[in-house]
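Trainee: Here is my input; please provide its structure:
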Amino acid sequence: MDTSRTLELLHSPLKMFGVLVGGVLMTSLSLVFVLPVFPELGDDPVAYAIGIVGTLFFGLCTLMIVRQWFTLEAVITISPAGLRDVRVAREFIPWSAIERLSTWTLQGQSILVVAVAPEVESRLTLTRTARWTRGPNRKLGADGLCVTAHGLKVDFAGLAALVHAYAAKYDAPATRAAPAAD
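Mentor: Residues are numbered from 1 along each chain as shown. As a prediction, the model looks like this:
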């Protein structure tokens, strides 16, 4: 693997279409609880509240998917300078700041957890989604920035292999062996 090159990982239009269809279906299903499609549900305040929350949540998710679909820039860039996922932060995370790389699995989806030195993470301009999910993810066991292959032209195994290879080549602390215990 040539780790001297800059790699740009893009969205997969087919995968993004599938996610978009799912978002539209979930938004529509939530709307069933709000609109008078089934009159017997109209009298249930819990069903109505679930419908409102679901419509707002899935509707916003669907809008984010549409926005991502029409973004032409690379989603993840892996280069000698570091790792960048525009879904997490605009800046590159330098290899020298990556303290730990681990895999976290949630509901069958594998996620690469990138633990970054606190002084570097505090300087990153995290996306709104990354800021909002950072605390809850930490409580669920993913203490770091979460990078996923979801919707990309590469699978998780390929993404993780690339990141680990570049991290090793550029001497990220995450790839250094721990000293032996005496």
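
Trainee: average pLDDT across the longest helix seen in the chain?
Mentor: Across the chain, the longest stretch assigned as helix under DSSP state H is helix 45-69. Averaged across helix 45-69, pLDDT comes to 87.

Trainee: Strands of the chain, start to end?
Mentor: Ranges of strands in the chain, per DSSP state E, are 7-9, 76-79, 82-85, 98-106, 109-116, 145-147.

Trainee: Show me the shaky parts of this structure.
Mentor: Applying pLDDT under 70 to the chain picks out residues 41-42, 177-182.

Trainee: Domain map for it?
Mentor: Following automatic domain parsing, the chain resolves into domains at 7-69, 81-175.

Trainee: Now render those as CSV, adding distance to V75.
Mentor: The C-beta positions use only the backbone N, C-alpha and C, and glycine is treated the same way. Converted to CSV, the domains of the chain look like this (distance: least, CB to CB, whole Å):
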stretch, distance to V75
domain 7-69, 6
domain 81-175, 6
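
Trainee: among those domains, which is nearest M1?
Mentor: domain 81-175 (5.2 Å; CB to CB).

Trainee: Can you give me the first-to-last residue distance of the closest one?
Mentor: One end of domain 81-175 sits 16 Å from the other (CA to CA, to the nearest Å).

Trainee: Now find how far off-centre it is within its chain.
Mentor: 9 Å (CA atoms, centre = their mean, to the nearest Å).
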